[in-house]
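Asks: what follows is a protein structure lacking sequence information:
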């Protein structure tokens with residue numbers, strides 16, 4: 001993995017920027033909702049990763065997997081049967097691949113992704129209920145940055161339906177360097193967006209990642225989701241809008 005200098009700042013400020021229709025952290029429109037999540041810790045030099053879908057998953061529910069790999073290579077990823085790629089974004093060190101799947105009868109409780117060569121990998125799954133059965137992913141966006149590459153920002157998406165669930169997926173390689181830059185690293189944790197609630201947060205162990213959610217109150221562009229951190233790192237971010245069931 002590429003080494004570089006990490007610079008700590010004296011303070012962290014949360015930035016707010018809206019590009020259009022407002023978003024709320026709470027589900028006020030009875031839209032899609034997360035009912036379960038699971039995580040797999042960082043494994044070095046792995047050729048596969050298995051993620052728990054949920055033993056209680058029901059037919060028609062909707063799962064999104066976040067597969068995060070680290071290192072300079074980008075091996076071929078083979079998803080489980082029935083899982084569709086939403087998007088695949090990468091920097092020189094950090095790659096974030098998002099997949100979706102509608103739960104079917106006799107689905108296994110876990111799903112496995114394989115890699116054409118060994119990678120350092122971690123990941124998570126979120127299981128959603130009350131999701132549209134036809135084209136549940138309304139829109140998605142991706143963004144990347146690194147040393148000198150600006151503030152970690154999940155770009156806006158433009159929704160076509162009111163009340164979409166907006167998920168922001170974020171990953172960085174900073175955790176790999178904590179032991180070399182600080183003894184007490186709590187001050188280097190990212191400040192997450194104020195207009196969103198946290199679904200999963202692994203910002204202080206292994207390589208960092210976090211998932212946030214909010215709800216779009218109308219159609220049109222969503223707000224940017226900005227996470228501010230007092231260090232330089234390679235990062236990947238995405239927004240995914242999920243349509244609610246009719």
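Replies: On my side now, so go ahead. Everything numeric in this text was worked out from a predicted model, so none of it was measured.
Asks: where does the residue positioned nearest the centre of the chain land in three-state SS?
Replies: For the chain, the residue sitting closest to the mean C-alpha position, by Cα atoms, centre = their mean, is residue 169 at 1.9 Å. Secondary structure assignment for residue 169 (DSSP: H, G, I helix; E, B strand; the rest coil): strand.
Asks: tell me the contacts of the residue lying closest to it once chain neighbours are set aside?
Replies: Leaving aside its chain neighbours, residue 169 sits nearest to residue 238 (4.8 Å; criterion: Cβ to Cβ, 6 or more residues apart in numbering). All C-beta spots, glycine's among them, are computed from the backbone N, C-alpha and C. Listed by Cβ atoms under 8 Å, 6 or more residues apart in numbering, the contact set of residue 238 reads 87, 89, 96, 98, 140-143, 154, 168-170.
Asks: tell me which helix or strand in this structure has the weakest average pLDDT.
Replies: Least confident helix or strand of the chain, by mean pLDDT, DSSP states H and E, is strand 23-24 with a mean of 64.
Asks: can you name the next helix or strand after it?
Replies: strand 33-52 (DSSP states H and E).
Asks: pairing partners for that following strand, with directions?
Replies: With DSSP bridges as the test, strand 33-52 is paired with strand 110-129 (antiparallel).
Asks: and after the strand it pairs with, which helix or strand comes next?
Replies: Remark: after strand 110-129, the chain's next helix or strand is strand 137-145, criterion DSSP H and E.
Asks: what about the residue nearest to residue 169, distance to residue 105?
Replies: The spacing between residue 238 and residue 105, counted by Cβ to Cβ, to the nearest Å, is 30 Å.
Asks: over to residue 33?
Replies: 22 Å.
Asks: with residue 222 instead?
Replies: 34 Å.
Asks: so which of these two has more stuff around it?
Replies: residue 222 (27 against 5; other Cβ atoms under 10 Å).
Asks: apart from its neighbours in sequence, what residue is nearest residue 66?
Replies: Among residues not flanking residue 66 along the chain, residue 124 sits closest, at 4.9 Å (Cβ to Cβ, 6+ apart).
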